[in-house]
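Asks: Here you go, sequence then predicted model.
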Amino acid sequence: MSNEVIKSSSGKKFQLKTLVPLLLFVAMVVIFYILRPAYLNAINIKSILVQTSFIGIISLGLTLVMMTGGVDMSNGYTAGLGAIAGMWFVVNDDMSMGMGLLLAVAFVLLIGVINGLCVSKLGIAPFVATLGTMYLCMGLQNWLDEGGQQISYGFPKEYVFLGQGSVGIIPMPLLIFVVVFIVLYILTEMCPMGRYLRGSGLNQFASKLSGINVSFWVFLSYVLSSLLAGTLGYILGASQKYISSGLGSSYQMDSLLTVLLGKTLTNGKISVWSTTFGALFLMAFQNGLSMLGMPVTTLAISKGVLLIGLLLFSRYRKKA
């Protein structure tokens, strides 16, 4: 009888812990709605979801890298490189959009391969390796756009559709993000890939003894991270109809914050789901502060305060 009581109480405690992140999110939404009723109108909800899609795409790539115990400091600038490589010659030299897309893929794959080889084969620390390719991306952007020129006109309609179009009521960026999420969720939660990535990060020695090709999975994570960063840059340029050097650079730290935020909010485990929830939480939080009139210059402070607060809360919850 006593064992049943213990099991029952522990089960309730577990359920309560799993509900806490959702309750925090609902409480935040309710507070913003009370302060600004327009927060929950259809237009603003659509805006939050689109912004979640942008940060979500690049953050899911970083999630794969962080599962292996690494980090990608080049992803924000890889995003900009993908946009410039994909559209510079299309707009200025009448290259076909298909060829431009292939060129973008080639450039971002180059960055991913360099990152993957440096970390998985040469044993260079992930921070150092990806910091180096970050500067490489900056240089390649300036080389492609001939010293910092901008693209603000001449975009093909098909390209603009990727960032501003919709399929029914679903914006294209959101649709692309949902597809990426579903594919990566299946691969990391329902297939061996997730175990291999996490095993490569938790204990490489034991993983190698178990027959896992650690080098391959670490290498693959960086390649996929670069491809998804390039995807963000490509559709971000279409959304803004404006491409310049540094496009996507602001997503570099935001993507790291998103992964850590999702990990903190959920069960302390890095996953595709936790990152998606972190992206939605962060964009809903940022949007609400903007509607309240918070200056852009202080939004970074608010993000730092949010993360520190949640880390402290997570530490308290574990002790409890």
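Replies: Yep, that arrived. Because the structure is predicted, anything quoted here is derived from the model rather than measured. Residues are numbered from 1 along each chain as shown.

Asks: Distance of Phe89 relative to Leu220?
Replies: The span separating Phe89 from Leu220 equals 29 Å under the rule CB to CB, to the nearest Å. To be clear about C-beta, it is placed using only N, CA and C from the backbone, and glycine gets the same treatment.

Asks: These two - which one has more neighbours?
Replies: The neighbour count for Phe89 versus Leu220, taken as other CB atoms under 10 Å, is higher for Leu220 (21 against 16).

Asks: The more buried one against Val113, yeah?
Replies: No: the pair Leu220 / Val113 is not scored as a contact, 10.5 Å apart, by CB atoms under 8 Å.

Asks: Now do the same for the residue nearest the centre of the chain: its pLDDT.
Replies: Ranked by distance to the mean C-alpha position of the chain (CA atoms, centre = their mean), the top residue is Ser59 at 1.3 Å. According to the prediction, Ser59 has pLDDT 98.

Asks: tell me the contacts of it?
Replies: 254-255, 258-259, 262, 275, 278-279 (CB atoms under 8 Å, 6 or more residues apart in numbering).

Asks: Redo these as CSV? Include distance to Tyr33, neighbour count and pLDDT.
Replies: Listed next are those as CSV, based on distance: CB to CB, whole Å; neighbours: other CB atoms under 10 Å; pLDDT from 0 to 100:
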residue, distance to Tyr33, neighbour count, pLDDT
Asp254, 24, 20, 93
Ser255, 27, 32, 95
Thr258, 23, 30, 95
Val259, 27, 24, 95
Gly262, 23, 27, 92
Thr275, 25, 29, 97
Gly278, 21, 30, 94
Ala279, 20, 29, 97
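
Asks: Now, the residues you listed that are in helices?
Replies: Here DSSP state H is the test, and these give 254-255, 258-259, 262, 275, 278-279 as lying in helices.

Asks: Include distance to Met193 when you put these into a markdown table, please.
Replies: Written out in a markdown table, the entries for these read as follows (distance: CB to CB, whole Å):
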| residue | distance to Met193 |
| --- | --- |
| Asp254 | 26 |
| Ser255 | 20 |
| Thr258 | 21 |
| Val259 | 18 |
| Gly262 | 19 |
| Thr275 | 16 |
| Gly278 | 21 |
| Ala279 | 21 |
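
Asks: returning to what we had before: nearest to Gly139, out of the contacts of Ser59: which one, please.
Replies: Here the nearest of these to Gly139, counting by CB to CB, is Ser255; it sits at 21.4 Å.

Asks: Isn't the closest one up against Phe54?
Replies: No: counting by CB under 8 Å, Phe54 is not a contact partner of Ser255; they are 10.0 Å apart.

Asks: Give me the residue ranges of the stretch 1-150 of the chain where confidence is low.
Replies: Scanning the stretch 1-150 of the chain with the threshold set as pLDDT under 70 gives 1-18.
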